[in-house]
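In: Here's my sequence, what's the structure:
(chains A, B, C and D)
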Protein chains: 2
Amino acid sequence: MASAKVPANFTGPAQKQRLSRELVLAKALEVVDAEGLDALTMRRLGQELGRDPMSLYRYAENRAALLDGVTELVLNELTIHPQDPDWKAQLRQIAHDLRRLALQHPNVVPLLVTRPLSTPLGLRPLGTLRPLEQILSLLIGAGFSPADALHVYRAYYGFLYGHILNELQEFVVDPEENEALLRLGLHRLPAKEFPRLRALAPALAEYEGSAELDQGVTILLSGLEAQLSLRLGSSAG
Amino acid sequence: MASAKVPANFTGPAQKQRLSRELVLAKALEVVDAEGLDALTMRRLGQELGRDPMSLYRYAENRAALLDGVTELVLNELTIHPQDPDWKAQLRQIAHDLRRLALQHPNVVPLLVTRPLSTPLGLRPLGTLRPLEQILSLLIGAGFSPADALHVYRAYYGFLYGHILNELQEFVVDPEENEALLRLGLHRLPAKEFPRLRALAPALAEYEGSAELDQGVTILLSGLEAQLSLRLGSSAG
DNA sequence: ACTGCCGCATCTACACTGTAGACTTTAGCC
DNA sequence: GGCTAAAGTCTACAGTGTAGATGCGGCAGT
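Out: Numbers count the residues shown, from 1 in each chain, chains lettered A, B, ... in the order given. Okay, here's the model as predicted:
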């Protein structure tokens, strides 16, 4: 499988090199990142690749599968070390990595949280299940029973996605404006009905996601560690 | 072509009574609940109401606004008592209510978590902001400072939505099948790469959402209460 | 009762979507 | 060269959201 000829194929934009699933998905992600999910139509992607739109169907069964591919691509950027002896550090690392991914690809986040809702576990792209498997592995390696590992994973996953949803939805309307109320568009809310929310504009404006995440992780981890030593103690006899 | 004029505006199914925003949104929710988001097209909804699709644009600016209306409608089913002196009980109640809503309208959940990601706070339908305002009110009434109340809200909201996403995505493929591995479709996963996940099939199958949620709430609340008494103590001097 | 009005509902039309199915081009092998 | 299978293209179709013009029905004022 050698590409013997034409080494000059990596020049760039609308090249005539052979398509591949990787190429298609990479360009798809590029479009989504730049212009959002709605901009990713088959025709548009075809044009972006300098190909007929129909050629894409060789690499993704349909548009839904294409979107699945994009989420898989993003999740593949998440590297997990299931063998890490320091499981708490590893979990914390994962949290920050996932947050970074979400901020890097905010337009993909809806896919990340939404696709699993319409696809049963066993039918999902393997890439999206790998983190689950690896985190289970990490936790079991740390001493959790498989069943407990599952519970911990759920708590952790829930917390993480909850945080990401939180952070991404508090984005700023007009960064030029330096009055907090205006930056967030909160001035449009009726003052009578939303006094608390309006009063909190400054606090909302100076939200610091990374710190908040880290703090939450710390709390969660201490809770989990307590649970772990408890289980170990009681099941040791 | 037979019946020219029919005064029968109180007949049953596809009646000719005047449309209203409430009617339109209610029927829209009905369609979404029954057949999913994709089934909700303007033409379909028009037909369902016995009206021309274009008439819908009197009651929603466009399809996106229609979807916003549906999420608002669902969130309006959530009643919160900001004056409840027992704030912990109230938060627990809210958690279970929201979970119930999610299970009742699973097809709306993608909207619930996704729409806020593309609409700045100040521009959202007021109905979707009311819970936020009310919970802030509840927490401030309970003694939290406004800024702390915001943090607590975030933690709570994140936890809740995380849980809902968790629970809704672990649904069963084939309820007829009584082998856990098959019920979840996990037999399709390569055994080499996903040993943990496959082994956990039975545990996955007997997931009990309500209990898991309640347990999480308990932990979270105890943490929050500790935080509250801490703040009260340190700021009292 | 006639007129004018205004808001609701409808009709028509358009640009754009995903994708099925037949077809043509290309690349690798003998 | 010729053969074969894969890769890419073309055409066509049913369905989408929605702009803009048109029709309709009840109310106000005279």
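In: Touching, A:N76 and A:L129? I think so.
Out: No: using CB atoms under 8 Å, A:N76 is not in contact with A:L129, being 11.8 Å away. For every residue, glycine as well, the C-beta is placed using N, CA and C.
In: Looking at the two, which has the bigger crowd around it?
Out: Ranked by neighbour count (other CB atoms under 10 Å in any protein chain shown), A:N76 and A:L129 place A:L129 first, with 20 against 14.
In: What sits closest to A:L221 if chain neighbours are left out?
Out: Leaving aside its chain neighbours, A:L221 sits nearest to A:K88 (5.0 Å; criterion: CB to CB, 6 or more residues apart in numbering or on different chains).
In: Point out the other helices and strands that the host helix or strand of that neighbour packs with.
Out: Using DSSP states H and E, A:K88 sits within helix A:87-104. When contacts are defined as 3 or more CB pairs under 8 Å, 6 or more residues apart in numbering or on different chains; DSSP states H and E, helix A:87-104 packs onto helix A:126-141, helix A:146-169, helix A:209-235.
In: which outside residues touch the next helix or strand after it?
Out: The first helix or strand that comes after helix A:87-104 along the chain, using DSSP H and E, is helix A:109-114. The contact list for helix A:109-114 (CB atoms under 8 Å, 6 or more residues apart in numbering or on different chains) reads A:37, A:67, A:70-71, A:74-75, A:102, A:161, A:164-165, A:168, B:110, B:113-114, B:117, B:165.
In: 7 Å instead?
Out: Residues from elsewhere that reach helix A:109-114 (CB atoms under 7 Å, 6 or more residues apart in numbering or on different chains): A:37, A:67, A:70-71, A:102, A:161, A:164-165, A:168, B:110, B:113-114, B:117, B:165.
In: What are the buried residues along the worst-scoring helix or strand of chain A on mean pLDDT?
Out: One helix or strand of chain A scores below all others by mean pLDDT, DSSP states H and E: helix A:180-183, with a mean of 82. Within helix A:180-183, the residues that count as buried by 16 or more other CB atoms under 10 Å in any protein chain shown are A:180-183.
In: sorry, back to before: just the buried ones from the contacts of helix A:109-114?
Out: Buried residues within the contacts of helix A:109-114, counting neighbours by 16+ other CB under 10 Å: A:67, A:70-71, A:102, A:161, A:164-165, A:168, B:110, B:113-114, B:117, B:165.
In: Return the member of the residues you listed nearest to DNA strand D.
Out: B:P110 (15.7 Å; CB to the nearest atom of the strand).
In: Quick check: the gap between that closest one and A:S118.
Out: Look at B:P110 and A:S118: by CB to CB, to the nearest Å, they are 8 Å apart.
In: Ok, A:L73 next?
Out: To A:S118, A:L73 is 19 Å away according to CB to CB.
In: Which one's more surrounded, those two?
Out: Between A:L73 and A:S118, counted using other CB under 10 Å, A:L73 has the larger neighbour count: 19 against 16.
In: Do you know the pLDDT at A:P7?
Out: pLDDT, A:P7: 34.
In: err, A:I219, not the other one
Out: pLDDT, read off for A:I219, is 88.
In: OK, contacts around the residue most central in space within chain A?
Out: Chain A has A:A102 as the residue nearest its centroid, 4.6 Å off, counting by CA atoms, centre = their mean. By CB under 7 Å, 6+ apart, the contact list for A:A102 reads A:109, A:164, A:168.
In: at 8 Å what do you get?
Out: By CB under 8 Å, 6+ apart, A:A102 lies in contact with A:109, A:112, A:164, A:167-168.
In: contacting residues around the least confident helix or strand of chain A?
Out: Contact with helix A:180-183 is made by A:172-175, A:177, A:186-187, A:198, A:201-202, A:204-205, as judged by CB under 8 Å, 6+ apart.
In: farthest-separated two in these?
Out: Using CB to CB, the two most remote members of those are A:P175 and A:R198, lying 19.5 Å apart.
In: Which residue of the two possesses the greater neighbour count?
Out: Neighbours per residue, other CB under 10 Å: of A:P175 and A:R198, the larger number sits with A:R198, 19 against 8.
In: list the buried ones in the helix holding A:K88?
Out: Buried residues in helix A:87-104 (16+ other CB under 10 Å): A:87-88, A:90-95, A:98-99, A:101-102.
In: for stretch A:49-61, same thing?
Out: Burial within stretch A:49-61, assessed by neighbour count using 16+ other CB under 10 Å, is assigned to A:49, A:51, A:56, A:59-60.
In: Now do the end-to-end distance for it.
Out: End-to-end distance for stretch A:49-61, by CA to CA, to the nearest Å: 18 Å.
In: what's near enough to touch A:R231?
Out: Listed by CB under 8 Å, 6+ apart, the contact set of A:R231 reads A:143-145, A:148.
In: Let me have the contacts of A:A102 in JSON lines, extended by pLDDT.
Out: Formatted as JSON lines, the contacts of A:A102 follow (pLDDT from 0 to 100):
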{"residue": "A:V109", "pLDDT": "98"}
{"residue": "A:L112", "pLDDT": "97"}
{"residue": "A:I164", "pLDDT": "97"}
{"residue": "A:E167", "pLDDT": "95"}
{"residue": "A:L168", "pLDDT": "95"}
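In: tell me the two of those that are most distant?
Out: For these, the farthest-apart pair by CB to CB is A:L112 and A:E167; their separation is 13.5 Å.
In: Could you tell me which residues of chain A lie near DNA strand D?
Out: Proximity of chain A to DNA strand D (CB under 7 Å from any atom of the strand) is limited to residues A:18-19, A:51-52, A:54-55, A:57-58.
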